[in-house]
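# what would the 3D arrangement of this be:
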Amino acid sequence: MTTEPIADGRARAADAWFRDLQTRICASFEAFEPECRFEAHSWRRPEGHRLQGGGESRLMRGSVFEKVGVNVSHVWGVLSEQARSQVTGAVQSEGRFVACGISLVAHLCNPYVPAVHMNLRYLSTSCSWFGGGSDLTPTFPFEDDTAEFHAALQAACDTYRPDAYREFKAWCDRYFYLPHRREPRGVGGIFFDDLAGSDPEADFAFVRRVGEGFLAVYPKIVARRKDTPFDEAARERLLVKRGRYVEFNLVYDRGTKFGFQTDADPEAYLMSLPPLVKW
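Coordinates of the predicted model:
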């Protein structure tokens, strides 16, 4: 078996927190679905594989959440030559890495409830850093939803450093953009990567605040919009909007590419795709 390349207490602490956050998010979402629960699927690399570790994927399909996945993973080993160039410090570490994280994507039945994405991760190669963020993708944007979502993320950023929200919001706007469509994926949020400040504990504390901010704000938006009446025209517009989501995730998304390159569980890294979509 490939041993974990870095005896990293921070990776273990991050993994434990990601798993706890997964449990709390799932409980919050299940509160909207009295007849549905998340189905859990645990996966692990086979013995002898150049990559080791595993994770747990949780998926729910209900009357409010048409499809929502909340996944955690903790993997390590040696990256392929192709993947090394995509991961900071992996060339210098000869591909040795450890990574853990939580990834969430929710697609809602009601066109007036925005889709949402949240990802938080820790990676260590020849250096260590955090990354992640969260963004909102409404079919029908509401100013109060957008403002409340951004306010929650800004509050997390303001505890880290004064200019963090402005920097990470601009990064999100650049990242979640479809150049072939010349349009943003949604109304943004924050995105950050290679976060390695002078105090790793402060970096981890910030990541935790982003997760807590997401958990505090998004269920409020769902509760506000889930019973809004809609017609077939609104539903049709939702399905077409989802097409843009698919285009971004399959062509540009770094997390999806990392899943392909590390031979991860396809059901985990493709859980972001909506159940129904149109072009």
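# distance between the helix or strand that contains Leu250 and the chain's centre?
Secondary-structure assignment from DSSP states H and E places Leu250 in helix 232-251. Centroid separation for helix 232-251 versus its chain: 18 Å, with Cα atoms, centre = their mean, to the nearest Å.
# what residues of that helix count as buried?
Within helix 232-251, the residues scored as buried using 16 or more other Cβ atoms under 10 Å are 238, 241-242, 244-245, 247-249. Where C-beta positions appear, they are placed from N, C-alpha and C, glycine not excepted.
# quick check: mean pLDDT of that helix?
Model confidence over helix 232-251, given as mean pLDDT, is 96.
# contacting residues around stretch 158-167?
For stretch 158-167, contacts defined as Cβ atoms under 8 Å, 6 or more residues apart in numbering pick out 153-154, 157, 190, 192, 202, 205-206, 209.
# show the buried residues in the residues you listed.
The neighbour count (16+ other Cβ under 10 Å) marks 153-154, 157, 190, 192, 206, 209 as buried among the contacts of stretch 158-167.
# any idea how far Ala156 is from Arg208?
Per Cβ to Cβ, to the nearest Å, Arg208 is found 9 Å from Ala156.
# okay, these two: which has more neighbours?
Set Arg208 next to Ala156 and count neighbours by other Cβ atoms under 10 Å: Ala156 wins out with 24 against 16.
# okay, and that one sits in which element?
helix 143-158.
# in PDB, list the C-alpha atoms belonging to the helix or strand following that helix.
Per DSSP H and E, the first helix or strand lying C-terminal to helix 143-158 is helix 164-175. Output in PDB follows, covering the C-alpha atoms of helix 164-175 (Å, rounded to 0.1, in the frame of the first residue of the first chain):
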ATOM      1  CA  ALA A 164     -10.000  39.200   1.200                       C
ATOM      2  CA  TYR A 165     -13.700  39.500   0.000                       C
ATOM      3  CA  ARG A 166     -12.800  41.900  -2.800                       C
ATOM      4  CA  GLU A 167     -10.000  39.700  -4.000                       C
ATOM      5  CA  PHE A 168     -11.900  36.400  -3.700                       C
ATOM      6  CA  LYS A 169     -15.100  37.700  -5.200                       C
ATOM      7  CA  ALA A 170     -13.200  39.000  -8.300                       C
ATOM      8  CA  TRP A 171     -11.400  35.600  -8.500                       C
ATOM      9  CA  CYS A 172     -14.800  33.900  -8.400                       C
ATOM     10  CA  ASP A 173     -16.200  36.200 -11.200                       C
ATOM     11  CA  ARG A 174     -13.200  35.300 -13.400                       C
ATOM     12  CA  TYR A 175     -13.200  31.600 -12.600                       C
END
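# buried stuff in helix 164-175?
By neighbour count with 16+ other Cβ under 10 Å, helix 164-175 contains the buried residues 164-165, 168-169, 171-173, 175.
# for those, give me CSV that also has pLDDT and distance to Pro266.
Below are the buried residues of helix 164-175 laid out as CSV (pLDDT from 0 to 100; distance: Cβ to Cβ, whole Å):
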residue, pLDDT, distance to Pro266
Ala164, 98, 34
Tyr165, 98, 35
Phe168, 98, 30
Lys169, 98, 32
Trp171, 97, 28
Cys172, 97, 26
Asp173, 97, 29
Tyr175, 95, 23
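# using JSON lines, lay out the residues you listed together with distance to Ser198.
Formatted as JSON lines, the buried residues of helix 164-175 follow (distance: Cβ to Cβ, whole Å):
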{"residue": "Ala164", "distance to Ser198": "14"}
{"residue": "Tyr165", "distance to Ser198": "20"}
{"residue": "Phe168", "distance to Ser198": "18"}
{"residue": "Lys169", "distance to Ser198": "23"}
{"residue": "Trp171", "distance to Ser198": "20"}
{"residue": "Cys172", "distance to Ser198": "24"}
{"residue": "Asp173", "distance to Ser198": "27"}
{"residue": "Tyr175", "distance to Ser198": "25"}
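# now, among the buried residues of helix 232-251, which is nearest to Thr137?
Nearest to Thr137 out of these is Tyr245 (Cβ to Cβ; 6.3 Å).
# now pLDDT and distance to Arg121 too, for the buried ones among the contacts of stretch 158-167, in TSV please.
Formatted as TSV, the buried ones among the contacts of stretch 158-167 follow (pLDDT from 0 to 100; distance: Cβ to Cβ, whole Å):
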residue	pLDDT	distance to Arg121
Leu153	98	17
Gln154	98	21
Cys157	98	17
Ile190	98	14
Phe192	96	11
Phe206	98	13
Arg209	98	15
